[in-house]
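[1] structure of the sequence below:
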Amino acid sequence: MEKVIAGIAQFQQKPFEERKALFAELANGQSPEVLFITCADSRIDPNLITQTDPGDLFVCRNAGNIVPPHSKTAGGMSASIEFGVAALGCTHIVVCGHTDCGAMKGALNPGGLDDLPDVQSWLDHASAAVEAVKAKQGHAGHDELNAVTEQNVLLQLEHLKTHPAVASRISSGEITLHGWVYNIGTGEIVCHDEAKDAFVPVQDCYS
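    Residues are numbered from 1 along each chain as shown. Below you'll find the predicted structure:
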């Protein structure tokens with residue numbers, strides 16, 4: 001905690017002062033272009049890996065970068081998605097998974113989560129990704145984890161389409177969905193290419 005407190009003082013002394021004009025502008029509102037949904041894992045820093053400024057990303061984080069399908073029961077993710085899209089006008093939504101994801105490990109082995117019933121229940125939203133990977137042959141160990149991580153990103157993109165604010169804007173061409181996976185060890189980001197139905201280096205997706 002000492003590191004966190006010291007960091008606040010350091011931020012106020014230099015980074016804040018250097019970007020005072022930006023923060024003055026942000027003090028009166030925000031207009032992010034991108035709704036960025038990613039994992040709560042402490043190793044993921046959306047602004048760092050995208051080299052974006054405060055105000056550029058509307059970030060939603062949870063265990064496993066999960067988007068529950070829309071339901072009549074309001075939840076934090078549903079409310080945040082609706083706000084980001086309908087109120088803030090985000091025109092891009094990124095679902096970003098990552099390597100060595102503890103949530104995906106839990107989804108692969110739900111029996112190991114008996115002491116974490118809320119986590120176990122939450123990861124039910126990723127179970128279809130696990131089943132899809134297990135239905136295919138040739139995945140085992142580390143490869144299986146990577147496959148589930150990628151499949152989970154695709155599953156959550158499908159869940160996004162059940163949210164009315166997102167669905168209406170997809171149909172009108174106002175929103176684009178993106179599926180990414182970030183490699184913690186290499187810094188590489190791969191993006192799902194719909195035409196190839198494969199994850200490719202992010203630079204190839206947008207070239």
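[2] domain ranges for the protein?
    1-30, 32-202 (automatic domain parsing).
[3] deepest-packed of those domains, please.
    domain 32-202 (a mean of 17; mean count of other C-beta atoms under 10 Å). The C-beta positions use only the backbone N, C-alpha and C, and glycine is treated the same way.
[4] and that domain, how far from the chain's centre?
    4 Å (C-alpha atoms, centre = their mean, to the nearest Å).
[5] state the mean pLDDT of that domain.
    Domain 32-202 comes out with an average pLDDT of 94.
[6] tell me the bridge partners for residue 62.
    Going by DSSP bridges, residue 62 is paired in beta bridges with residue 39.
[7] I figured it hits residue 41, correct?
    No: using C-beta atoms under 8 Å as the test, residue 62 is too far from residue 41 to be in contact (10.2 Å).
[8] centroid residue for this protein?
    Closest residue to the average C-alpha location of the chain: residue 38 at 2.1 Å, with C-alpha atoms, centre = their mean.
[9] list the contacts of that one.
    Taking C-beta atoms under 8 Å, 6 or more residues apart in numbering, we find residue 38 in contact with 44, 46, 59-61, 65, 94-98, 182.
[10] please apply the same query to residue 178.
    Residue 178 makes contact with 92-95, 191-192, 205 under the criterion C-beta under 8 Å, 6+ apart.
[11] apply 7 Å and report the result again.
    92-94, 191 (C-beta atoms under 7 Å, 6 or more residues apart in numbering).
[12] for my notes, confirm it occurs in a strand.
    Yes: assessed by DSSP: H, G, I helix; E, B strand; the rest coil, residue 178 belongs to a strand.
[13] for this structure, which segments count as strands?
    34-39, 57-62, 92-98, 176-182, 189-193, 198-201 (DSSP state E).
[14] same list (those strands) but as CSV, adding distance to residue 21.
    Shown next, in CSV, are the strands of the chain (distance: least, C-beta to C-beta, whole Å):
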stretch, distance to residue 21
strand 34-39, 22
strand 57-62, 19
strand 92-98, 25
strand 176-182, 30
strand 189-193, 30
strand 198-201, 35
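[15] residue 79 is nearest to which of these?
    Nearest to residue 79 among those is strand 57-62 (9.9 Å), distances taken as C-beta to C-beta.
[16] on that earlier part again, of the contacts of residue 38, which is the nearest to residue 148?
    So of the contacts of residue 38, ranked by how close each gets to residue 148 (C-beta to C-beta), first place is residue 97, at 9.2 Å.
[17] and the closest one, how far from residue 1?
    29 Å (C-beta to C-beta, to the nearest Å).
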